[in-house]
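1. coords below, sequence missing:
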């Protein structure tokens with residue numbers, strides 16, 4: 001695996017060099033500016049990859065494992081198909097190398113994203129005023145919960161990873177689910193009427209067709225929060 005990534009990185013660096021520039025790392029800017037720009041660029045790339053994972057059919061077959069959870073909590077952050085992680089890693093390594101992304105920006109963003117992923121998937125109800133303020137600078141649990149809606153018009157929104165600005169800029173922002181957070185259902189409609197899937201089922205899910213009967217109904221249960229977290 002390391003050999004594959006090293007080879008890919010070398011090819012990407014050569015490609016970037018052929019364009020006649022050394023990338024962000026070689027820019028004559030102060031380190032803190034390259035750090036800020038690097039983190040923002042990486043977050044934008046993550047946004048773009050997330051959009052692709054929803055609209056490229058084969059990619060969605062992998063990514064929908066993440067959306068198969070019918071209730072969201074911090075564990076949802078790590079519910080990803082291994083092949084999706086591999087695809088994303090290869091694409092990002094190529095883009096980072098070709099763009100001359102500073103290593104310190106990559107490491108900072110990786111740490112920030114890991115912590116934030118647990119936060120934005122948490123079964124956490126922030127006070128409305130706090131949520132409205134915080135989502136100006138970070139994706140909040142309520143904002144990201146809309147992305148996990150069983151309704152695809154809501155699920156195909158709020159693609160951002162850490163910062164909320166790209167969704168507003170590219171008009172993929174949805175402030176609240178149509179039925180409110182308590183009534184909103186999560187998961188994948190085609191899986192709604194089927195049995196609970198095991199780990200092995202989830203690993204095989206991208207490679208088999210779901211029965212037509214499963215696509216006819218959606219679950220009657222499930223809000224994201226327990227009753228004691230109602231507002």
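-> Happy to help now that I have it. Just so we're clear, the structure is a prediction, and the values are computed from it rather than from any experiment. Residues are numbered from 1 along each chain as shown.
2. Ignoring the adjacent residues along the chain, who's closest to residue 186?
-> Using C-beta to C-beta, 6 or more residues apart in numbering and skipping the chain neighbours, the partner closest in space to residue 186 is residue 148 (4.7 Å). Quick note: C-beta positions are derived from backbone N, CA and C, even for glycine.
3. next one: phi and psi at the one you found?
-> phi -100, psi 10 (degrees, to the nearest 10).
4. Quick check: residue 113 touching residue 46?
-> Yes. Contact status for residue 113 versus residue 46: in contact at 7.4 Å, counting by C-beta atoms under 8 Å.
5. Give me the common contacts of the two.
-> Jointly contacting residue 113 and residue 46 under the rule C-beta atoms under 8 Å, 6 or more residues apart in numbering are 161, 162.
6. quick one, what contacts residue 126?
-> Contacts here follow C-beta under 8 Å, 6+ apart; on that basis residue 126 touches 134, 140, 141, 142.
7. Can you select the buried ones among those residues for me in PyMOL?
-> To isolate the buried ones among these in PyMOL, judged by 16 or more other C-beta atoms under 10 Å, type:
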select buried, resi 134+140+141+142
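8. The contacts of residue 126 into TSV, with extra columns for distance to residue 23?
-> Converted to TSV, those look like this (distance: C-beta to C-beta, whole Å):
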residue	distance to residue 23
134	33
140	33
141	35
142	37
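9. what's the closest of the contacts of residue 126 to residue 69?
-> Distance ranking of the contacts of residue 126 against residue 69, using C-beta to C-beta, places residue 141 first at 13.8 Å.
10. For the chain, give me the ranges with low pLDDT.
-> 1-22, 192-195, 209-231 (pLDDT under 70).
11. ok, now with 90
-> Counting by pLDDT under 90, the chain contains low-confidence ranges at 1-29, 31, 34, 68-75, 78-79, 93-105, 123-125, 152, 180-182, 187-231.
12. Tell me where it has helices.
-> Applying DSSP state H to the chain gives helices spanning 2-18, 31-55, 57-67, 82-98, 103-120, 128-134, 141-147, 152-155, 165-169, 180-183, 199-204.
13. In JSON lines: those, plus distance to residue 191.
-> Below are these laid out as JSON lines (distance: least, C-beta to C-beta, whole Å):
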{"stretch": "helix 2-18", "distance to residue 191": "33"}
{"stretch": "helix 31-55", "distance to residue 191": "16"}
{"stretch": "helix 57-67", "distance to residue 191": "9"}
{"stretch": "helix 82-98", "distance to residue 191": "17"}
{"stretch": "helix 103-120", "distance to residue 191": "23"}
{"stretch": "helix 128-134", "distance to residue 191": "29"}
{"stretch": "helix 141-147", "distance to residue 191": "17"}
{"stretch": "helix 152-155", "distance to residue 191": "13"}
{"stretch": "helix 165-169", "distance to residue 191": "26"}
{"stretch": "helix 180-183", "distance to residue 191": "20"}
{"stretch": "helix 199-204", "distance to residue 191": "10"}
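14. right, and the ones you listed - which one's nearest residue 189?
-> Taking C-beta to C-beta, helix 152-155 is the member of these nearest to residue 189, at 7.6 Å.
15. outside of the closest one, which residues touch it?
-> Applying C-beta under 8 Å, 6+ apart, the contact partners of helix 152-155 are 54, 67, 146, 147, 148, 149, 174, 177, 178, 184, 189.
16. For ChimeraX, what selects the buried ones among those residues?
-> Selection of the buried residues among these in ChimeraX, burial being defined by 16+ other C-beta under 10 Å:
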select :54,67,146,147,148,149,174,177,184,189
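17. of all the contacts of helix 152-155, which comes closest to residue 207?
-> Nearest to residue 207 among the contacts of helix 152-155: residue 67, at 17.0 Å, using C-beta to C-beta.
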